[in-house]
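Peer 1: test case, fold it:
(2 chains)
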Amino acid sequence: MKAIIAATLLGVIMMFTGLFVKDKKQVVMIAVIAFLALLGITIWEVQAASSAAPEMLFNNMLRIDSYALWFNMMMAGCTFLYVLLMGKDIMRVGNHVAEYFTLILFILCGIFLLTGYNNLLMLFLGIEIMSIPQYILAGADRRNLKSNEASLKYFLMGAFTTGLLLMGITLLYGATGSFYITDFSFLRTDALNPMALAGILFILISFAFKVSAVPMHMWTPDVYDGSPTAFTAFMSTIVKAGAFVGFLRLFHIAFGSLSDHWMLIVAIITAATLLVGNITAVFQQSVKRMLAYSSIAQAGFMLFAIASVNASAWQGMIIYGVAYSVATIGLFSVLIKMKDYTYDGFNGLAKKQPALAFFTTVFLLSLAGIPLTGGFMAKYFVLNAAVQQGGLLWLVIFALLMAAISVYYYFRVIIAMYFKQGDAEMAVEINSSDRILLGITCALVILLGVAPHLFLGSI
Amino acid sequence: MILTLLILIPLVAGIAAMAIKGAAKGISLLSSVAVTVTSLLVLISINSFGPNGFIEWSMPWIPSLGSNISLMGDGMAVVLCLLTGIVMLVTVITNWNKEVERPGSFYGLMLLAQAGITGVFLASDALLFYFFWELALIPVYFLSSIWGGEKRIAVTFKFFVYTFVGSLMLLAALIYLSLQNPGGNSFAWQNIIRAGASLPADQQQWLFWLIFIAFAIKMPIFPLHTWQPDAYEQSPTPVTIILSALMVKMGIYGVVRWLLPVVPDAVAYWSDTVITLSVVGIVYASLLAIVQTDLKRLVAYSSIAHMGLMSAAAFANTDVAMHGLVIQMFNHGINIAGMWVIVSMVEQRWGTRDMRQLGGMANTAPLMTIALVIISLANIALPLTNGFIGEFMLFNGLFASASPYHITFMVIAGLGIILGAVYTLNMVQRTAYGDAVAMKAGGDITRNEYIGLAIIIGLIIFLGVYPKPLLDMTTGVTNMVLP
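Peer 2: Numbering: from 1, shown residues only, chains lettered A, B, ... in the order given. Predicted structure coming up:
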């Protein structure tokens, strides 16, 4: 609860900062402090709540358990890292720097609701609080047509699927007479009425949109490509992980006992997401667009956590969310410093910026799922959950083949950096603080790969 | 604890070599001497425990997954660690005078690869095994892609993707097996074996193929060998040595440690199929070796043929074959390393590996020719060389196998030996005799090459005449692996 209040208040404070502080650098400094404070509050909340019963709020509409608190802390940590790495780049997007940070804080507030909702109204509120600031961020580069296109496309599609979500919620209410997700677990398989099933399907579709799962992925490449890179990094990582936790909560707690009815659909969506994401990523010429498709492919792996109804899936969601976010944010923060976003733009980076090339390699290896990096452990956890679930072995093997394909497009960047001749031009100067921050990010990726249990706490 | 040293020495040395660029060669030399000596010490202490002796070391790693950092050194594993030490030593010594670009990164990556390979041999936890299995691959990928030949990027990438696909299959199987442990998730070798062996036959079947494909790609077994000749040809010779003398041993070692005991019913069911593939591979690779004109490709195909015999023997399910397999893994590593050293010396001096442009080496470089002849004889398993004892045991074991087709297998594999003599002696003839071609640079053997080759030839002759120490050290393997 403290985190939700803190995110809102800090957001409001940040908004007013924009009125009084005109120097952009100072705004970034204040933002860093705000995000650090938010991280501190989430840590404090985890410490204070350990071993206590879940906190029930607003007539049980929120149920903030230890998992929610831990996930909030991880997301606040990732966002802090994101602001540290990309603060300067956010500064360059436009003139309303304080507002950008405000919107990011509001998005976090939405994510915190999504990790702790116990009622479908709260779910809806969380999704909307998380989505609307994103439409603005996507269009933040006002003079760029592509950015405008991204914003409008995202908004129209997002509004449409929000409608679907509402429809689903309505149908479920009609079937059960309740908005509380714990009430749905009493839905029995044998006495399931079509109205409830249709409701579940509508909600599934709208979540598939939010996490960019195939066939609801069409918006992803255009929005991620068109948005300012600094915000793509946030939208494709932390926001996605937040949406996934909302997805996980609903489908495991509320519909877990009905998994026979939706498991196959989720499995097919997973397979399609992996296939389309990976295959299309292979044909991209721009690294930014490749990362957009790769984020679809990675969502395919996260969908494994949805499809496997067991405790390992919950662990896997945390590890995957963090490992994917950290590596992708790191990668974007390198990409944003390049002049040319195509693969050729990376040619010869290893000679020019050896440290930068090394860190990029670690991030790419992590996304490809090579051992010793967080990405491997993340894939391991979700696949482990799927194998435990049973009946999904075909999907596991299919996913592993797709992971092998992903090596192709991730390694193209490594090949360009190390083995090709070229003069990788930087758009901005790289200073030692950038290197240190990237070094820390890189160390986090490796720590995740060697000691994932540190990131799971008592979950 | 001493087992961790075997991994830590090359690991620390590798990082040190990258940091202190000027001293990279010296550090590699020291590290490989240290690994060799340590492995010898471990072997002696294991031997004092009797034939089944082994030492273990373990510490918790990821408790929630049931995975520990646990190492186990028995005769087979430590003999292979000794092999990595010796091969690295020979590689560093023979390349002492050769200048490479960015020596710090080069030797650093070589040592990191060595650490990964040693880890594969020692890990007794499936997840740790998988970690090292992949870890050995990454440095080799960079080594070949940066320092390799003209087509290096595409070829190395093919090699990487090939093995990565195999590794992922292995991972799926290991995850499945780790979940079968009755007391909860466990990756310990003993638990994996127990879990696997208690599975019904139909589940063992597909687990078998998942695991086998991973190892078959690495060995490589026909028809999964297509990455290998290109990769050997395009890699710089020190990396080719690592690949062929050490990395392919990971495949056969994996079969012995992580396949045969894990899914015994499926192994019994599929062994005829695998042996058939192996012996077909022997003949196929030998025939291809005969028509090669490039020395590196010839040795690459010869390596496939030798690995084919080893994999056939691994599935023969007899004590002698298993024992011979360990001996042969060691000996083949020594011989092929010697072969590559000679090939790279030839390339350095004549500027080509094409046998049509070579000849008369016996006149221009007599000492080199002697080394070439001895190593070639070991390669075709002539008695009194180390190759003989290993291959003899392999054939013996294959013959004693319970398979109804054992005679056929023997005959076809025996054909491979004859063909082996054909291409090896042909190679000796075309390079060493005939009209002398003048050298482009250098002369006969230099001092450092002399020392490196002396180590190899010394081992070839010593183990050929008196293989008892090696045999004694590895008697335990059959008890560890066969039921």
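Peer 1: residue in the stretch 251-400 of chain A with the shortest distance to chain B?
Peer 2: Proximity of the stretch 251-400 of chain A to chain B (CB to the nearest CB) peaks at residue A:400, 3.9 Å away. C-beta here means a position set from N, CA and C on the backbone, and glycine is covered the same way.
Peer 1: count the neighbours of that residue for me.
Peer 2: Around residue A:400 there are 22 other residues, counting by other CB atoms under 10 Å in any protein chain shown.
Peer 1: got a pLDDT number for the residue in chain B that chain A sits nearest to?
Peer 2: Residue nearest to chain A within chain B: residue B:168 (3.9 Å; CB to the nearest CB). You'll see residue B:168 listed with a pLDDT of 89.
Peer 1: that one - nearest residue in space that isn't next to it in sequence?
Peer 2: What sits nearest to residue B:168 in space, not counting adjacent residues and going by CB to CB, 6 or more residues apart in numbering or on different chains, is residue A:400, at 3.9 Å.
Peer 1: again, but for residue B:299
Peer 2: Going by CB to CB, 6+ apart, residue B:299 has residue B:339 as its nearest residue, at 5.1 Å.
Peer 1: repeat that for residue B:352.
Peer 2: Using CB to CB, 6+ apart, the closest residue to residue B:352 is residue B:358 (7.0 Å).
Peer 1: ok, now residue A:101?
Peer 2: The spatially closest residue to residue A:101, leaving aside those adjacent along the chain, is residue A:31, at 4.1 Å (CB to CB, 6+ apart).
Peer 1: wasn't that neighbour part of a strand?
Peer 2: No. Under DSSP: H, G, I helix; E, B strand; the rest coil, residue A:31 falls outside any strand and is assigned helix.
Peer 1: ok, residue A:331 - contacts?
Peer 2: Counting by CB atoms under 8 Å, 6 or more residues apart in numbering or on different chains, residue A:331 makes contact with A:291, A:360, A:363, A:364, A:367.
Peer 1: and residue B:402, which of the three is it?
Peer 2: Three-state call for residue B:402 (three-state DSSP): coil.
Peer 1: ok, it - how many residues close by?
Peer 2: 10.
Peer 1: in what helix or strand does the closest residue to residue A:320 other than its chain neighbours lie?
Peer 2: Setting aside the residues directly before and after it, residue A:320 is nearest to residue A:378 in space (CB to CB, 6+ apart), at 4.0 Å. Assigned by DSSP states H and E, residue A:378 belongs to helix A:374-389.
Peer 1: circling back: quick one: the residue nearest to residue B:168 from residue A:274, how far?
Peer 2: Residue A:400 sits 10 Å away from residue A:274, going by CB to CB, to the nearest Å.
Peer 1: need the overlap of contacts for the two.
Peer 2: In contact with both residue A:400 and residue A:274: no residue, using CB under 8 Å, 6+ apart.
Peer 1: what residues are up against residue 62?
Peer 2: By default, I'm working from chain A. Contacts for residue A:62 (CB under 8 Å, 6+ apart) come out as A:1, A:55, A:56, A:113, A:116, A:117, A:118, A:119, A:122.
Peer 1: my question was about chain B, not that one.
Peer 2: Counting by CB under 8 Å, 6+ apart, residue B:62 has contacts A:451, A:452, A:453, B:127.
Peer 1: give me the number of residues near the first one?
Peer 2: It stands for residue A:451. Residue A:451: 13 neighbours (other CB under 10 Å).
Peer 1: now the phi/psi pair for the residue nearest to it when sequence neighbours are not counted, please.
Peer 2: In space, and not counting its chain neighbours, residue A:451 is closest to residue B:62: 7.2 Å by CB to CB, 6+ apart. Here is the backbone geometry of residue B:62 (degrees, to the nearest 10): phi -120, psi 90.
Peer 1: okay, and the beta partners of residue B:62?
Peer 2: Following DSSP bridges, residue B:62 is listed with bridge partners residue B:67.
Peer 1: got a list of contacts for the lowest-mean-pLDDT helix or strand in chain A?
Peer 2: Lowest on mean pLDDT, DSSP states H and E among the helices and strands of chain A sits helix A:181-184, with a mean of 81. For helix A:181-184, the external contacting residues (CB under 8 Å, 6+ apart) are A:63, A:117-120, A:123, A:172, A:176, A:178, A:196, A:249-250, A:253-255.
Peer 1: all strands of chain B, in order?
Peer 2: Assigned by DSSP state E, chain B shows strands spanning B:54-62, B:67-74.
Peer 1: would you reformat the ones you listed as CSV and include mean pLDDT and distance to residue B:84?
Peer 2: Output for the strands of chain B, formatted as CSV (pLDDT from 0 to 100; distance: least, CB to CB, whole Å):
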stretch, mean pLDDT, distance to residue B:84
strand B:54-62, 87, 18
strand B:67-74, 88, 13
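Peer 1: most packed of those?
Peer 2: Ranked by mean neighbour count, the strands of chain B are led by strand B:67-74 with a mean of 22 (mean count of other CB atoms under 10 Å in any protein chain shown).
Peer 1: show me what it is packed against.
Peer 2: Judged by 3 or more CB pairs under 8 Å, 6 or more residues apart in numbering or on different chains; DSSP states H and E, the packing partners of strand B:67-74 are helix B:2-19, helix B:24-47, strand B:54-62, helix B:103-122, helix B:126-135.
Peer 1: so the first one, near chain A or not?
Peer 2: In this case it means helix B:2-19. No. Helix B:2-19 lies out of reach of chain A by CB under 8 Å from any CB of the partner chain, never closer than 10.6 Å.
Peer 1: mind giving me the packing neighbours of that helix?
Peer 2: Using 3+ CB pairs under 8 Å, 6+ apart, helix B:2-19 is in contact with helix B:24-47, strand B:54-62, strand B:67-74, helix B:103-122.
Peer 1: likewise for the last one?
Peer 2: Packing contacts for helix B:126-135, counted by 3+ CB pairs under 8 Å, 6+ apart, involve strand B:54-62, strand B:67-74, helix B:103-122, helix B:152-178.
Peer 1: looking at those, which is buried most?
Peer 2: Compared across the helices and strands packed on helix B:126-135, helix B:103-122 shows the largest average neighbour count, a mean of 26 (mean count of other CB under 10 Å).
Peer 1: these two touch, right, the residue nearest to residue B:299 and residue B:379?
Peer 2: Yes. Using CB atoms under 8 Å, residue B:339 makes contact with residue B:379 at a distance of 6.5 Å.
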